[in-house]
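[1] Fold the stuff below for me.
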Amino acid sequence: MSLASPSKAGALWKGKEKATDDAYDDLTPVITYRHILSQSLGVKDPLRVVALCDSDAFYAACEQVRLGLDPNVPMVVQQWEALIAVNYPARKFGISRMDRVKDAKKRCPELIAVHVATYKEGQKEPGYWDDVDSHTHKVSLDYYRRESMKIINMFKENLPGGEIEKASIDEAFIDFTRPVREKILERYPYLAEVPHDAPNGIDSPLPPPPPISWNAIGFLVPVTPSESAGNEGEELLRGEDDDSTTWHDVALSIAAELMDQIRKEVHTKLGYTTSAGISRNKFLAKLCASYKKPNSQSILRNTAIPNYLRPLPFQKIRFLGGKLGDALAKEYDVSTVGDLLTISLEEMQRKFGENSIWVYELLRGIDRSEVKEKSAMFKSMLASKNLPKPITNPSEGHHWLRVLAAELALRLKDSREASPNLWPKTIVLHARKGYETARSKQASFPFVRDITVDVISAIADKLWKEVTGDAKSVYVTNVQLAFTNIEATEAGQQSIEGFFRSKGSIHQILKRNHEEGDSTEGQSLGSGSKPRSKSSDPPNDDSSVSFVCGRCGKRVVLPDKGEQSDEDGGAEARQAGVLAVLRMEHDDFHFAQDLAKSSGADISSSKGSSPSRATKRRKKQVEPKGIAKFFRKK
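    Residues are numbered from 1 along each chain as shown. Take a look at the predicted model:
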């Protein structure tokens with residue numbers, strides 16, 4: 001595999017192609033009219049600007065807003081006796097999340113400690129209780145999730161042209177590239193036209209940029225750090241190195257203005273302070289977001305990247321810690337990013353495989369990952385409880401099932417407020433002893449008009465009985481209840497409740513048709529329809545009232561259109577809704593058959609039949625090579 005030539009400098013690395021040191025000399029790219037006029041250049045855009053916005057001491061801030069407390073009051077959020085959040089006034093007393101509540105109060109007697117909300121049996125929603133007990137209650141983070149979504153939605157409202165990716169409950173990446181380009185063309189309209197005397201036409205470099213005033217838009221990471229750089233209260237801005245200003249610096253300054261406006265809006269309307277890092281990619285934005293905290297933003301220019309990265313302990317960088325970091329430190333006897341810069345790409349790939357080019361690039365501030373908005377639709381929802389006191393009697397499990405059911409009910413309701421068509425197809429129960437493999441059972445989850453704790457816990461109770469069987473005693477240290485296969489139903493299925501009100505549940509329809517002898521292949525499910533003759537009547541091939549199963553080839557047909565009233569104009573919607581449920585019922589039928597066959601195969605295998613060669617091959621695991629072995633899942 002040949003080395004990349006110098007002419008490929010700055011090109012996006014693809015596949016496992018090797019590259020030379022020259023390929024990463026991209027801190028001062030030549031920006032042309034093509035770049036400024038292009039609509040989309042992706043991660044290789046030399047004017048790309050990304051920010052990471054982080055809510056300050058988020059859980060503590062949520063409780064401070066909820067209780068209407070002065071933000072200068074020292075406060076912590078506790079989970080049982082441990083701390084999960086410490087606000088900045090409390091940190092001045094040396095309190096950290098490593099402390100216990102009683103130790104924190106010794107350091108700061110006026111400290112306010114708020115216990116996180118919990119679920120308890122008999123309550124539909126989590127609350128703040130005086131009798132909180134880990135033996136009977138379960139922690140809830142629902143309030144924090146809702147507040148997090150308020151912040152994300154405010155980002156979207158204030159930056160309609162930007163791409164926003166929620167990174168965690170208190171962090172979000174924002175790609176400012178498109179709105180910044182629009183602002184540049186608005187402020188400097190002479191860039192919108194390629195000069196007639198431009199030597200290379202649209203590929204000619206842009207004229208020199210105007211000077212930038214960095215005042216009042218954040219902290220500028222210095223190109224040449226001094227010993228005092230980073231001390232609290234020190235101003236690092238004020239037009240440093242204006243003679244070397246680039247058009248990317250102009251883009252950074254505009255993004256900083258926009259980010260500052262958004263942060264002020266969040267503070268004014270929601271009461272939360274945030275800190276942000278602004279640079280050319282996600283990795284650097286996240287890294288410099290903590291440069292000055294709280295309630296601030298830091299700007300990392302391209303020219304400041306080398307000196308900012310070199311002294312950093314590389315094992316503190318995300319993904320470069322753990323086993324991979326230990327291996328790199330041991331192999332090369334190094335501790336900082338600067339130490340690793342002496343290792344050539346060829347040497348690193350020889351020791352850690354060709355994919356280690358990712359590490360090589362990261363150390364030089366290169367990150368190819370895009371900012372992508374994540375879907376709001378979850379494929380699954382999990383409520384879990386590690387039990388401080390193991391369940392030893394099967395009857396003790398019902399208490400925790402109701403607690404977990406309350407969490408699932410609330411989370412599903414919240415999700416359906418944003419996406420009314422969401423519904424889970426399956427509910428799953430896991431019960432585990434210590435670190436052993438969990439025993440699991442699952443069942444189809446029916447569509448109901450009112451999502452209640454009773455509905456969910458009733459199904460969970462049946463699954464619990466299947467898991468525990470006739471056992472008189474058990475030993476369970478962890479219980480999990482989950483919705484899986486959550487999907488957005490087909491158009492019109494949201495009207496399915498209206499069909500149920502007039503026709504009854506789909507199970508009742510099937511039962512009624514079966515009793516009336518109307519269950520032959522291809523015939524209608526309507527209670528008054530006549531049996532269809534296979535020889536005389538062709539099957540209904542209208543896709544709006546029927547479907548053909550891809551597995552068995554059978555056609556399932558809805559009741560005749562003529563039987564359905566359209567007084568409310570919703571007949572077609574009801575048809576689509578019921579057809580979607582019929583599909584689900586039919587899929588469940590095949591799933592049950594597959595399960596039965598699988599069980600039968602397991603039984604026959606246990607009776608002495610030897611495993612096939614294919615089975616043996618499946619059991620044999622291939623040992624990952626190179627850098628991949630450091631990211632193995634246990």
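[2] show me where pLDDT drops low in the stretch 201-350 of the chain?
    Scanning the stretch 201-350 of the chain for pLDDT under 70 picks out the ranges 226-243.
[3] go with 50
    For the stretch 201-350 of the chain, the stretches flagged by pLDDT under 50 are 227-241.
[4] cool, the chain as well?
    Along the chain, segments meeting pLDDT under 50 span 1-24, 227-241, 491-507, 509-539, 561-571, 573, 598-612, 614-615, 617-619, 634.
[5] Would you mark the buried spots in the top strand by length along it?
    The single longest strand within the chain, with elements called by DSSP state E, is strand 476-488. Buried residues in strand 476-488, counting neighbours by 16 or more other CB atoms under 10 Å, are found at Val476, Thr477, Asn478, Val479, Gln480, Leu481, Ala482, Phe483, Asn485, Ile486. Yep, even glycine has a C-beta here, placed from its N, CA and C like the rest.
[6] same deal with stretch 348-355?
    Neighbour-count burial for stretch 348-355, with 16+ other CB under 10 Å as criterion, is recorded at Met348, Gln349, Phe352, Gly353, Glu354.
[7] same check, this time on stretch 137-147
    Applying 16+ other CB under 10 Å to stretch 137-147 flags His137, Lys138, Val139, Ser140, Leu141, Tyr143, Tyr144, Glu147 as buried.
[8] Packing partners of the longest strand of the chain?
    Other elements packing on strand 476-488 under the criterion 3 or more CB pairs under 8 Å, 6 or more residues apart in numbering; DSSP states H and E are strand 381-391, helix 397-418, strand 422-432.
[9] Give me the angle between the following helix or strand past the last one and strand 422-432.
    Following strand 422-432 in sequence order, the next helix or strand is strand 439-444 (DSSP states H and E). Regarding strand 439-444 and strand 422-432, their directions subtend 160 degrees when assessed with axes from the mean of the first three to the mean of the last three CA atoms, to 10 degrees.
[10] Pull out the buried positions in strand 439-444.
    Residues of strand 439-444 classed as buried by neighbour count (16+ other CB under 10 Å): Arg439, Lys441, Gln442, Ser444.
[11] Look up how far Thr274 lies from Val266.
    Distance, Val266 to Thr274, using CB to CB, to the nearest Å: 6 Å.
[12] who has more neighbours, these two?
    Neighbour comparison, Val266 and Thr274: the larger count goes to Thr274, with 28 against 20 (by other CB atoms under 10 Å).
[13] Quickly list what the more buried one is bridged to.
    Ser55 (DSSP bridges).
[14] Check the one 5 residues further on too.
    Beta bridges link Ser279 to Val50 when assigned by DSSP bridges.
[15] can I assume it is in contact with Arg48?
    No. Using CB atoms under 8 Å, Ser279 is not in contact with Arg48, being 9.5 Å away.
[16] Of these two, which one has the most company?
    Using other CB under 10 Å, the more surrounded residue of Ser279 and Arg48 is Ser279, with 31 against 20.
[17] List the residues that contact the more buried one.
    Applying CB atoms under 8 Å, 6 or more residues apart in numbering, we find Ser279 in contact with Val49, Val50, Leu252, Ala285, Leu287, Cys288, Ile299, Leu300, Arg301, Ile305.
[18] Inside helices: which ones of these?
    Members of the contacts of Ser279 lying in helices (criterion: DSSP state H): Leu252, Ala285, Leu287, Cys288, Ile305.
[19] Tell me how far the last one lies from Arg280.
    Look at Ile305 and Arg280: by CB to CB, they are 8 Å apart.
[20] chain center to the helix or strand hosting Phe283, what's the gap?
    Using DSSP H and E, Phe283 maps to helix 282-289. For helix 282-289, the separation from the chain centroid amounts to 18 Å (computed by CA atoms, centre = their mean, to the nearest Å).
[21] For that helix, list every residue counted as buried.
    Neighbour-count burial for helix 282-289, counted by 16+ other CB under 10 Å, picks out Lys282, Phe283, Leu284, Ala285, Lys286, Leu287, Cys288, Ala289.
[22] From Phe93, how far out is the second one?
    Put plainly, it is Phe283. Between Phe283 and Phe93 the distance, using CB to CB, works out to 33 Å.
[23] contacting residues for the spatially closest residue to Asp45 that is not a sequence neighbour?
    In space, and not counting its chain neighbours, Asp45 is closest to Thr177: 5.9 Å by CB to CB, 6 or more residues apart in numbering. The contact partners of Thr177, by CB under 8 Å, 6+ apart, come to Asp45, Leu47, Arg48, Val49, Val50, Ala251.
[24] one step back: which of the buried residues of stretch 348-355 sits closest to Leu341?
    In terms of CB to CB, no member of the buried residues of stretch 348-355 lies closer to Leu341 than Met348, at 10.9 Å.
[25] So that closest one lies in a helix, does it not?
    Yes. Assessed with DSSP: H, G, I helix; E, B strand; the rest coil, Met348 lies in a helix.
[26] Any idea how many residues pack against Glu417?
    The burial count assigned to Glu417 is 9, neighbours taken as other CB under 10 Å.
[27] Please disregard the earlier target; I meant Val116.
    Neighbours of Val116 under the rule other CB under 10 Å: 21.
[28] mind listing what the closest residue to it other than its chain neighbours touches?
    Leaving aside its chain neighbours, Val116 sits nearest to Gln79 (5.2 Å; criterion: CB to CB, 6+ apart). Taking CB under 8 Å, 6+ apart, we find Gln79 in contact with His115, Val116, Val139.
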